[in-house]
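Colleague: Following is a predicted model, sequence given first.
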Amino acid sequence: MNQSVTIVHVSRMDTMGGIERLLQAFINEPSPDFRHALLATGKKIHQALRPGNPAIPVRYSRYAHGICLPRSFRQAHWNRTLAGLRPDIVSFWGYPTTDHEQLALLPGTRLIYQEHGSGWDMPVTRDRKDFLYRNDMIICCSTAAVRMLQLRWNYSGTIHVARNPLPPHAVSVHSPLRRIRSDRPLVLGVAGRLVPYKASVTALFVLARVISDGIDCRLRIKGTGPLLRALQHKSRQLGLSDRVNFSGASANIAAFYRNIDVLLLPSLREPFGLVAIEAMASGCPVIASAVDGIPEVVIDGKNGFCITPSLAMEEYIGMVGAEFGGRIPEAVYDPAIDRLRVPMAVDPCAMADRIANLINTPKRYTTMSCAAVRTAREDFSFAAYYNNLKDIFLSLV
């Protein structure tokens with residue numbers, strides 16, 4: 001190309017979510033093809049998410065000098081900011097906006113929306129559907145995300161799939177051959193935002209069942225969120241507080257995966273399952289719910305186990321407690337039947353049975369561990385993702 005393409009990336013950037021980490025990794029990759037700018041919709045950018053290149057412009061869509069602008073002022077501020085950045089492409093990383101009619105684009109500017117989960121959570125409204133169709137194209141993180149837009153939102157426009165990659169920060173320098181060790185307790189892990197749809201509380205019931213089966217076991221929970229105190233309280237209720245470690249959201253995610261034996265991913269909905277790839281890169285098999293995009297990553301019996309959810313929500317809430325009900329999507333995608341269905345939960349006993357299977361067949365664990373590393377590094381490399389996204393962006397200009 002004769003000149004680089006200017007892309008304004010729109011995202012919250014105030015929390016350490018999977019979308020935000022992918023955006024950070026993308027703009028940190030040096031390329032003569034692009035000039036990047038960041039338009040944050042939150043009040044501030046999380047310290048760990050700031051662009052590595054200080055020359056990348058950072059602007060705020062709803063704040064000026066740290067002050068939240070009244071809605072009546074935001075349109076002028078938003079459009080003045082965009083005009084100053086003069087983008088060729090404006091890319092929304094998640095969160096379809098209802099304010100798109102206020103968006104005044106320069107002639108020739110292309111609009112892209114990247115779907116990473118909002119299609120499950122956002123109410124389907126006319127404004128949001130209009131926003132989807134205003135985009136020149138939509139990029140989805142998984143086939144499940146494509147089907148959610150088509151089945152729930154009745155979207156029939158142009159869609160490209162760019163499956164989430166293994167983020168650079170999660171790559172271990174070396175992944176040693178893993179074995180089930182008999183000289184210490186088995187260590188289970190959970191990673192992610194502590195919110196209702198992640199169903200992290202299920203891991204506590206899995207731990208209780210594994211212990212009752214006579215297996216010495218511990219659980220490490222990595223992440224922060226509104227359910228932290230409820231999870232801590234539930235661990236005490238179940239008599240597990242001395243076996244559960246809450247490690248917050250430290251930056252060294254690769255070290256966390258190296259120090260667990262199995263990752264549990266019992267999500268009620270999961271557009272893709274980025275934590276599964278991160279765990280696999282360290283040779284850690286994953287036991288997960290077979291919902292939405294997870295089976296595109298976790299291949300049952302190969303690099304982990306994918307379990308069909310069997311608990312109705314009433315039964316699940318009755319088991320874990322009403323405080324873990326919260327905000328749950330009205331529908332999820334079932335890849336086995338290619339349809340939407342009501343959310344259901346994975347039975348903790350089924351997860352515990354898979355753990356027992358690995359304990360009783362150590363060779364299978366090692367085989368799964370090796371397959372997990374190959375899956376993460378060969379099928380979900382960041383280089384392939386970056387090149388795919390680059391080609392999509394360049395195809396528009």
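Modeller: Yes, it's here.
Colleague: pretty sure T81 contacts L39?
Modeller: Yes: using CB atoms under 8 Å, T81 is in contact with L39, at 6.7 Å. From N, CA and C alone the C-beta is placed, and that goes for glycine too.
Colleague: The two: which is more packed in?
Modeller: Neighbours per residue (other CB atoms under 10 Å) separate T81 from L39, with L39 holding more: 22 against 17.
Colleague: Identify the bridge partners of the more buried one.
Modeller: L39 has the following beta-bridge partners by DSSP bridges: V10, R59.
Colleague: Can you pull the residues that touch both of T81 and L39?
Modeller: Residues within reach of T81 and of L39 at once, by CB atoms under 8 Å, 6 or more residues apart in numbering, are 59, 61.
Colleague: need the contact list for P362.
Modeller: Neighbouring residues of P362 by CB under 8 Å, 6+ apart: 179-180.
Colleague: What separation do you get for it and L207?
Modeller: To L207, P362 is 20 Å away according to CB to CB, to the nearest Å.
Colleague: Going along the chain, name the strands of the stretch 1-150 of the chain.
Modeller: Taking DSSP state E, counting those that start in this stretch, the strands of the stretch 1-150 of the chain run over residues 5-11, 34-40, 58-60, 63-64, 67-68, 89-93, 110-115, 137-140.
Colleague: Those strands: lowest mean pLDDT?
Modeller: Mean pLDDT per stretch puts strand 63-64 lowest among the strands of the stretch 1-150 of the chain, at a mean of 82.
Colleague: closest to S395 out of the strands of the stretch 1-150 of the chain?
Modeller: For these, the distance to S395 is smallest for strand 137-140, at 8.7 Å, taking CB to CB.
Colleague: name the helices or strands packed onto that closest one?
Modeller: strand 110-115, helix 143-152, strand 159-161, helix 382-394 (3 or more CB pairs under 8 Å, 6 or more residues apart in numbering; DSSP states H and E).
Colleague: List the strands paired with the shortest one, with their directions.
Modeller: Listed by DSSP bridges, the sheet partners of strand 159-161 and their directions read strand 137-140 (parallel).
Colleague: Quick check: chain neighbours aside, which residue is closest to R21?
Modeller: Nearest residue to R21 in three dimensions, chain neighbours excluded: P167, at 5.7 Å (CB to CB, 6 or more residues apart in numbering).
Colleague: Now do the contacts for that neighbour.
Modeller: 21-22, 25, 274, 278, 382.
Colleague: re the thing from before, will you turn the helices and strands packed on strand 137-140 into JSON lines that also has mean neighbour count and distance to R220?
Modeller: Compiled in JSON lines, the helices and strands packed on strand 137-140 are given as follows (neighbours: other CB atoms under 10 Å; distance: least, CB to CB, whole Å):
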{"stretch": "strand 110-115", "mean neighbour count": "24", "distance to R220": "31"}
{"stretch": "helix 143-152", "mean neighbour count": "21", "distance to R220": "28"}
{"stretch": "strand 159-161", "mean neighbour count": "16", "distance to R220": "33"}
{"stretch": "helix 382-394", "mean neighbour count": "16", "distance to R220": "25"}
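Colleague: Any chance of those in JSON lines with distance to T15 as columns?
Modeller: Below are those laid out as JSON lines (distance: least, CB to CB, whole Å):
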{"stretch": "strand 110-115", "distance to T15": "16"}
{"stretch": "helix 143-152", "distance to T15": "20"}
{"stretch": "strand 159-161", "distance to T15": "25"}
{"stretch": "helix 382-394", "distance to T15": "21"}
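Colleague: V124: which of these is closest?
Modeller: V124 lies closest to helix 143-152 among those, at 6.5 Å (CB to CB).
Colleague: between the closest one and strand 110-115, what angle do the directions make?
Modeller: 100 degrees (axes from the mean of the first three to the mean of the last three CA atoms, to 10 degrees).
Colleague: tell me which strands and helices helix 143-152 is in contact with?
Modeller: So helix 143-152, by 3+ CB pairs under 8 Å, 6+ apart, packs with strand 110-115, helix 118-121, strand 137-140, strand 159-161, strand 332-334, strand 339-341.
Colleague: For the ones you listed, could you give me TSV that also reports distance to T6?
Modeller: Formatted as TSV, the helices and strands packed on helix 143-152 follow (distance: least, CB to CB, whole Å):
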stretch	distance to T6
strand 110-115	11
helix 118-121	25
strand 137-140	18
strand 159-161	20
strand 332-334	35
strand 339-341	38
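Colleague: of all those, which lies closest to P176?
Modeller: Minimum separation from P176 across the helices and strands packed on helix 143-152 (CB to CB) falls at strand 159-161, 33.1 Å.
Colleague: what's in contact with the closest one?
Modeller: 137-143, 145-146, 149, 392.
Colleague: Closest one to V10 out of these, please.
Modeller: When the contacts of strand 159-161 are compared against V10 (criterion: CB to CB), the nearest one is I139, at 13.4 Å.
Colleague: where does the stretch 201-350 of the chain have low pLDDT?
Modeller: Counting by pLDDT under 70, the stretch 201-350 of the chain has low-confidence residues at 250-251.
Colleague: how about the strands of it, start to end?
Modeller: Taking DSSP E, counting those that start in this stretch as the test, the strands found in the stretch 201-350 of the chain are 217-222, 244-246, 262-265, 286-289, 304-307, 311-312, 332-334, 339-341, 344-345.
Colleague: Let's have these in JSON lines, adding mean neighbour count.
Modeller: Formatted as JSON lines, the strands of the stretch 201-350 of the chain follow (neighbours: other CB atoms under 10 Å):
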{"stretch": "strand 217-222", "mean neighbour count": "22"}
{"stretch": "strand 244-246", "mean neighbour count": "17"}
{"stretch": "strand 262-265", "mean neighbour count": "29"}
{"stretch": "strand 286-289", "mean neighbour count": "28"}
{"stretch": "strand 304-307", "mean neighbour count": "25"}
{"stretch": "strand 311-312", "mean neighbour count": "16"}
{"stretch": "strand 332-334", "mean neighbour count": "24"}
{"stretch": "strand 339-341", "mean neighbour count": "13"}
{"stretch": "strand 344-345", "mean neighbour count": "22"}
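Colleague: wait, which of these is closest to A254?
Modeller: Using CB to CB, the strands of the stretch 201-350 of the chain put strand 217-222 closest to A254, at 11.6 Å.
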